[in-house]
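Engineer: predicted model, plus sequence, below.
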Amino acid sequence: MTSFFITGTDTEVGKTLITGAIIYQLQEQGYSVCGFKPVVAGLVSAEQGWMNEDLETLLTISNRNKSPADALTDEQICPYTLHSAAAPHLVAHEEGIVLDLETMRSAFVKLLDQHHIVVVEGAGGFLVPISESVTLGDFAELLNLPVILVVDIRLGCINHALLTAASIDQHKLRLVGWVANFTAPPGPYSEENIQTLQSMLWHQYQAKCLGVIPYQPTLKTPYSIDDIEQVAHFLTIDSLLVQSE
Ligand SMILES: Nc1ncnc2c1ncn2[C@@H]1O[C@H](COP(=O)(O)OP(=O)(O)OP(=O)(O)O)[C@@H](O)[C@H]1O
Ligand SMILES: C[C@H](N)[C@H](N)CCCCCC(=O)O
Ligand SMILES: [Mg+2]
């Protein structure tokens with residue numbers, strides 16, 4: 001089985017939600033699957049110390065079928081936790097941390113030793129830098145990960161999606177699917193925007209739409225298992241399984 005890299009047309013487009021739902025669906029197929037974040041930026045104070053909502057969600061879903069003794073920790077699913085919610089390379093610089101691709105790779109490989117599939121959530125969009133010269137797209141390329149693109153369906157998303165798909169292609173990676181997500185109620189031409197992307201991403205990259213996730217105003221981060229399960233029902237991941245065999 002292959003692992004996957006989940007990217008988005010921007011930050012805050014629903015990558016964590018869809019990463020959770022894809023992990024859930026793969027687990028339902030009988031695979032042992034966990035999430036991974038190469039870097040998170042944005043910690044909040046919690047009872048048990050500092051926490052990050054993406055990591056909370058990824059741990060909730062990754063530990064779903066594990067005994068407490070086998071449960072993964074923040075440190076295992078993310079090698080770099082940065083305090084401020086901003087561009088990771090800027091926060092790292094401020095905190096005197098060097099973000100290193102090799103450290104990210106070795107944390108990923110450790111998880112892959114214990115799971116069939118690791119689903120990686122990027123931070124922000126595909127070309128978010130981890131230094132002046134290296135991006136998270138380079139991390140996906142280093143591991144040769146097939147990419148799934150989350151598109152927040154709103155005015156402007158066609159251009160953002162096509163730019164991201166072109167960059168994935170430039171990194172010699174395969175865009176194996178994309179998800180249409182509504183983080184806000186549908187605007188004019190939403191359906192036509194989805195149809196345009198369906199047609200263009202299929203003809204240019206043979207990338208299928210894995211699902212359309214409706215706007216759900218009750219969703220809150222960190223996501224619960226119930227939220228993730230509900231969203232997973234809008235996804236069809238059969239094409240991912242075929243490609244992975
Ligand atoms: N389908 C949806 N309906 C309603 N709200 C949504 C939906 N999808 C995402 N959201 C909301 O949008 C916000 C961003 O979602 P999420 O954290 O999953 O995005 P992200 O792309 O992972 O962000 P980041 O770049 O910070 O990792 C959250 O507040 C979430 O509740
Ligand atoms: C803090 C935020 N939620 C993400 N984790 C990081 C987003 C970085 C965006 C950088 C940029 O493209 O300008
Ligand atoms: Mg996220």
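Structural biologist: All right, it came through fine. Ligands and ions are numbered 1, 2, ... in the order given.
Engineer: next SSE after the top helix by length along the chain?
Structural biologist: When the chain is parsed with DSSP state H, its longest helix is helix 190-205. Remark: after helix 190-205, the chain's next helix or strand is strand 208-213, criterion DSSP states H and E.
Engineer: ok, back up a step: starting at the chain centroid, how far to the longest helix of the chain?
Structural biologist: Distance of helix 190-205 from the chain centroid (CA atoms, centre = their mean, to the nearest Å) equals 21 Å.
Engineer: if residue 35 is in a bridge, with which residues?
Structural biologist: Going by DSSP bridges, residue 35 is paired in beta bridges with residue 119.
Engineer: tell me what residue 81 is bridged to.
Structural biologist: Beta-bridge partners for residue 81, by DSSP bridges, are residue 40.
Engineer: wait, it sits on residue 51?
Structural biologist: No: the pair residue 81 / residue 51 is not scored as a contact, 9.2 Å apart, by CB atoms under 8 Å. In short, each C-beta sits where N, CA and C put it, glycine included.
Engineer: state the distance from the residue of the chain most remote from its centre to ligand 1.
Structural biologist: Going by CA atoms, centre = their mean, the residue of the chain most distant from its centre is residue 188, 27.2 Å out. Between residue 188 and ligand 1 the distance, using CB to the nearest ligand atom, to the nearest Å, works out to 18 Å.
Engineer: ok but that residue is inside a strand, no?
Structural biologist: No: counting by DSSP: H, G, I helix; E, B strand; the rest coil, residue 188 is not part of a strand but coil.
Engineer: tell me the pLDDT of it.
Structural biologist: Per-residue confidence (pLDDT) for residue 188: 97.
Engineer: phi, psi of it?
Structural biologist: Backbone geometry at residue 188, expressed as degrees, to the nearest 10, gives phi -60, psi 140.
Engineer: can you tell me which residues contact it?
Structural biologist: If you count contacts by CB atoms under 8 Å, 6 or more residues apart in numbering, residue 188 has none.
Engineer: elements contacting the least confident helix or strand in the chain by mean pLDDT?
Structural biologist: The weakest-scoring helix or strand in the chain, judged by mean pLDDT, DSSP states H and E, is helix 238-244 (a mean of 81). Packing partners of helix 238-244 (3 or more CB pairs under 8 Å, 6 or more residues apart in numbering; DSSP states H and E): strand 175-181, strand 208-213.
Engineer: near ligand 1 at all, the helix or strand just after the last one?
Structural biologist: Okay, so that is strand 208-213. Going down the chain from strand 208-213, the next helix or strand is helix 225-232, by DSSP H and E. No: in terms of CB under 6 Å from any ligand atom, no part of helix 225-232 sits within range of ligand 1; the closest distance is 7.1 Å.
Engineer: between helix 225-232 and strand 208-213, how big is the angle?
Structural biologist: Note on geometry: by axes from the mean of the first three to the mean of the last three CA atoms, to 10 degrees, helix 225-232 and strand 208-213 are set 130 degrees apart in direction.
Engineer: so which helix or strand takes in the residue in the chain that ligand 3 sits nearest to?
Structural biologist: Proximity of the chain to ligand 3 (CB to the ion) peaks at residue 16, 3.3 Å away. Following DSSP H and E, one finds residue 16 within helix 15-28.
Engineer: spell out which parts of this protein neighbour ligand 1.
Structural biologist: Residues of the chain lying close to ligand 1 (CB under 6 Å from any ligand atom) are 8, 11-17, 54, 123-124, 181-183, 213, 215-216, 219, 221.
Engineer: which of the residues you listed are buried? Put it as a ChimeraX command.
Structural biologist: Buried residues among the residues of the chain next to ligand 1 (16 or more other CB atoms under 10 Å), as a ChimeraX selection:
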select :8,13,14,15,16,17,54,123,124,181,182,183,213
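Engineer: re the thing from before, pull up the overlap in contacts between residue 81 and residue 51.
Structural biologist: 43, 74.
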